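S.K.: Structure for the following, please:
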Amino acid sequence: MNPILRRRRLGAVVLAAGLTVGLAACSNASAAGSASTKGTVTFGVSAAITGQYAQYGEQFKKAFDLAVDQVNAAGGINGHPVALKYEDSQSDPKQSVAVAQKFVGDNSVSLVFGDYSSAASIPAAPLYTSGKLVQYGFNNSNPAFTQKGSQYQWSTSITTSDTYVWTADYIKSRGVNTVGLTYLNTADWGIPAFNAFKAEADKIGLKITDAEGVLDSSDDYRPSLSKAVAGKPDAFVHIGYGPDAAKLVSQLRAIGYKGTFYGGQDEASFDGTPDATGSIIGAQFLETSSNTAVQAFVKAFKDKYPKEAHVTSFEAGAYDALNVAVAAAKTGGTSRDGILKGFQQLKDVPSVVYGKITFDQATRRVASPQLTPTILTGGKWVEYKG
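M.R.: This next block holds a predicted model:
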C-alpha cells in the first residue's frame, strides 16, 4: 500500500476511535442528568423472572403493572407516561451484577427496582452507585443493604430490628409491664432480633422477667418455658418462626400459663394450632384491613387479576414502591439526579403498607415504620383493635 495512503487510513482509524471514546465518555457523564428527561419515564426492574424465586417476580410484576396503569391513567409524571424495563436476575448475585451493568449503561433508565433478595441486591450496589442510579431495594430487609450502601441505595422494607422495636413499643402500649421471653438462639437472626427487642424494652421500661434462648429443632421447650414464666409475667413473647412457635405455645399453655402470647407467623402449622388462638403479631400488610386505601388497592388488584384469591405483602410492597418512585420523580425530576433528589425530599407518601412513608435520611429506610396489630382468630389473622 502507498505509504501516504496508509498514513491517511491510520489517521482516520485513530480519529474514529477517539470520537467513539469521547462520545461514550460524554454519554456516561451525562447519564445522571439526562435519563428520562423527555418522553417516557423508564424504571428498570431487576427481578427473578425465571428460577426458584420466579413466583415473587410474578407477584411484583402484577403489582407494578397495576400501579403503572393507575399512574398513567392519572396523567403520568407531570405528563410523561411511565414504563418498566425488566431484566431477569433469577435473584442470583452473579446475574444481578450483570443486570446492574446493563441498566447503568442504559441512559433511558432513571431508577432500578430490586432485587428480590438482599443477597442479590448488595453485590450489585457498587455498580448502581458508580452509575449514579438509584437502586430501590424495596424488598430488602437486611440492614446491610442500606448500611453498607451509598446514597443510591434505598428500601421501604422493614428490618428485623425495626420489627422488634415496634413489638416492644406495642406491647408496652397495651399496659403490659412485664414479659417472659424465648428467642431462637441463632447468630444470624434470633440473637440480633432479641437484642433489638431488649434494647427497646429497657428504654421504655418494659421488664423482661426472664429470657431463654431456644432452638427451632427442639421438641421440648418446657424447661425453658418454666424458667421464663417463673416470675409470673403479664405476657409472653416468642422471637422465632411459625413452626417452632406452634410447638412452643402449646407447651406454654400445657404448663398452665394463660397470659397473652406475642409471636408466631401466618403459616399453616401455627395458624392450625388451637392453642395459638389469640396470639398477636404486627403485620406489614393485611388485605382485610379496614383502611380505605388498602381496601381500594385490594379491590383494584382483584379486579385486574380475578384469579388471585389473596393479596399479600409482596404485591403491596411492589405497589407502594412504584408509587414512591413516581412521587420522587414528581418532586425532584425524572433524571437520575432528579430521582435521587426526590428520595432525599419525600415526606408522607401514601402507602398501603405503612399508611404514609417518610424516609429517615440517615438510614434511607422508612422512618418509624408502623405495623398493623393482628390477632389469630379461627385460624386466620385479622386486624386487632382490642
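S.K.: Just the pLDDT for residue 268.
M.R.: Note on residue 268: pLDDT of 82.
S.K.: go on, residue 57?
M.R.: The predicted local confidence for residue 57 is 94.
S.K.: how about the helices in the stretch 201-350 of the chain?
M.R.: Remark: helices assigned in the stretch 201-350 of the chain by DSSP state H, counting those that start in this stretch are 222-228, 242-254, 268-271, 292-304, 313-332, 336-343.
S.K.: for those helices, which one sits closest to residue 262?
M.R.: helix 242-254 (10.1 Å; CB to CB). For the C-beta atoms, the positions are set from N, CA and C on the backbone; glycine is no exception.
S.K.: Just give me how far the closest one sits from the chain centre.
M.R.: A distance of 28 Å separates the centroid of the chain from that of helix 242-254, by CA atoms, centre = their mean, to the nearest Å.
S.K.: Look up how far residue 242 lies from residue 281.
M.R.: 10 Å (CB to CB, to the nearest Å).
S.K.: And residue 67, by the same measure?
M.R.: Counting by CB to CB, the gap from residue 67 to residue 242 is 30 Å.
S.K.: Can you give me the domain boundaries for the protein?
M.R.: Here the domain parsing of the chain from automatic domain parsing is 43-158+295-367, 161-283.
S.K.: Now do the end-to-end distance for the last one.
M.R.: With CA to CA, to the nearest Å as the measure, the first residue of domain 161-283 is 14 Å from its last.
S.K.: Distance to residue 99 and mean neighbour count added to the helices of the stretch 201-350 of the chain, as a markdown table?
M.R.: Converted to a markdown table, the helices of the stretch 201-350 of the chain look like this (distance: least, CB to CB, whole Å; neighbours: other CB atoms under 10 Å):
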| stretch | distance to residue 99 | mean neighbour count |
| --- | --- | --- |
| helix 222-228 | 45 | 18 |
| helix 242-254 | 33 | 21 |
| helix 268-271 | 34 | 18 |
| helix 292-304 | 27 | 16 |
| helix 313-332 | 17 | 23 |
| helix 336-343 | 17 | 22 |
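S.K.: Nearest spatial neighbour of residue 140, chain-adjacent residues omitted?
M.R.: Leaving aside its sequence neighbours, residue 140 sits nearest to residue 118 (CB to CB, 6 or more residues apart in numbering; 4.3 Å).
S.K.: Ramachandran angles for that neighbour?
M.R.: phi -60, psi -30 (degrees, to the nearest 10).
S.K.: quick one: it and residue 135 touch, right?
M.R.: No: contact criterion CB atoms under 8 Å: residue 118 and residue 135 do not qualify, at 11.6 Å.
S.K.: These two: which is more packed in?
M.R.: The neighbour comparison of residue 118 against residue 135 (other CB atoms under 10 Å) goes to residue 135, with 30 against 20.
S.K.: Setting aside sequence neighbours, what's the nearest residue to the more buried one?
M.R.: residue 128 (4.0 Å).
S.K.: Quick check: residue 178 vs residue 251, distance?
M.R.: For residue 178 relative to residue 251 (CB to CB), the value is 20 Å.
S.K.: before we move on, what about residue 114?
M.R.: 41 Å.
S.K.: What number of residues are in the vicinity of residue 161?
M.R.: Residue 161, neighbours per other CB under 10 Å, totals 17.
S.K.: Bridged to the closest residue to residue 260 other than its chain neighbours, which residues?
M.R.: Excluding the flanking residues, the one nearest residue 260 by CB to CB, 6+ apart is residue 235, at 4.5 Å. With DSSP bridges applied, residue 235 shows beta-bridge pairing to residue 179, residue 260.
S.K.: you'd agree residue 235 is up against residue 263?
M.R.: No: look at residue 235 against residue 263 with CB under 8 Å: they stay out of range, at 10.2 Å.
S.K.: Of the two, give the one with the bigger neighbour count.
M.R.: Using other CB under 10 Å as the criterion, residue 235 and residue 263 rank with residue 263 on top: 25 against 20.
S.K.: measure the closest residue to that one other than its chain neighbours to residue 278 for me?
M.R.: Using CB to CB, 6+ apart and skipping the chain neighbours, the partner closest in space to residue 263 is residue 238 (3.3 Å). Distance from residue 238 to residue 278, counting by CB to CB: 14 Å.
S.K.: Need the residues touching each of the two.
M.R.: Any residue near both residue 238 and residue 278 by CB atoms under 8 Å, 6 or more residues apart in numbering counts here, and that gives residue 261.
S.K.: Assign the residue nearest to residue 135 to helix, strand or coil.
M.R.: What DSSP: H, G, I helix; E, B strand; the rest coil gives for residue 128 is helix.
S.K.: what about it, how many neighbours?
M.R.: Applying other CB under 10 Å, we find 26 residues neighbouring residue 128.
S.K.: close enough to count as contact, it and residue 154?
M.R.: No: with contact defined as CB under 8 Å, residue 128 and residue 154 do not form a contacting pair (10.6 Å).
S.K.: Tell me how far residue 155 lies from residue 74.
M.R.: 26 Å.
S.K.: So between those two, which is more surrounded?
M.R.: Applying other CB under 10 Å to residue 155 and residue 74 shows that residue 155 carries more neighbours, namely 27 against 9.
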